[in-house]
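# after the sequence you'll find the predicted model.
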Amino acid sequence: MKTYLRVPFSEHDEARRLGARWNNARKLWYVEDVENIAAFIKWFRPEHLAPHKPNKVPKKRHRQPRH
C-alpha cells in the first residue's frame with residue numbers, strides 16, 4: 001500500500017535516502033511497504049495522523065405504539 005507524504009523541497013534528499021519515492025504524475029512523495037514507517041511520520045499527510053473513527057451505526061428509533 002502506498003502512503004503519500006508531504007515532503008518540503010529542502011528535505012527531499014533525506015526522504016529519498018530513507019526510501020521514499022517520487023510520483024511524478026501526482027507530484028507527491030510516497031513510501032510503499034517499508035519496514036520502518038516511523039522514519040516518515042514527520043511527513044505524513046493530515047489524514048494519516050487523524051485518529052480512526054469507526055463508522056457510527058444509527059440507533060434504532062423506538063416508535064410508540066399507536067392506540
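Arrived safely. Residues are numbered from 1 along each chain as shown.
# got the buried residues for the lengthiest helix in the chain?
Taking DSSP state H as the criterion, the chain has its longest helix at helix 12-18. Of the residues in helix 12-18, residue 15 count as buried by neighbour count, 16 or more other C-beta atoms under 10 Å. For glycine as for every other residue, the C-beta is placed from the backbone atoms N, C-alpha and C.
# pairing partners for the next helix or strand after it, with directions?
Later in the chain than helix 12-18, the nearest helix or strand by DSSP states H and E is strand 21-23. Using DSSP bridges, the strands paired with strand 21-23 are strand 28-32 (antiparallel).
# can you list contacts of the partner strand?
1-7, 12, 15, 19-23, 37, 40, 43 (C-beta atoms under 8 Å, 6 or more residues apart in numbering).
# distance between it and the chain's centre?
What separates the centre of strand 28-32 from the centre of its chain is 11 Å, taken as C-alpha atoms, centre = their mean, to the nearest Å.
# show me what counts as buried in that strand.
28, 29, 30, 31.
# what's the spacing between the last one and residue 65?
As defined by C-beta to C-beta, to the nearest Å, residue 31 lies at a distance of 58 Å from residue 65.
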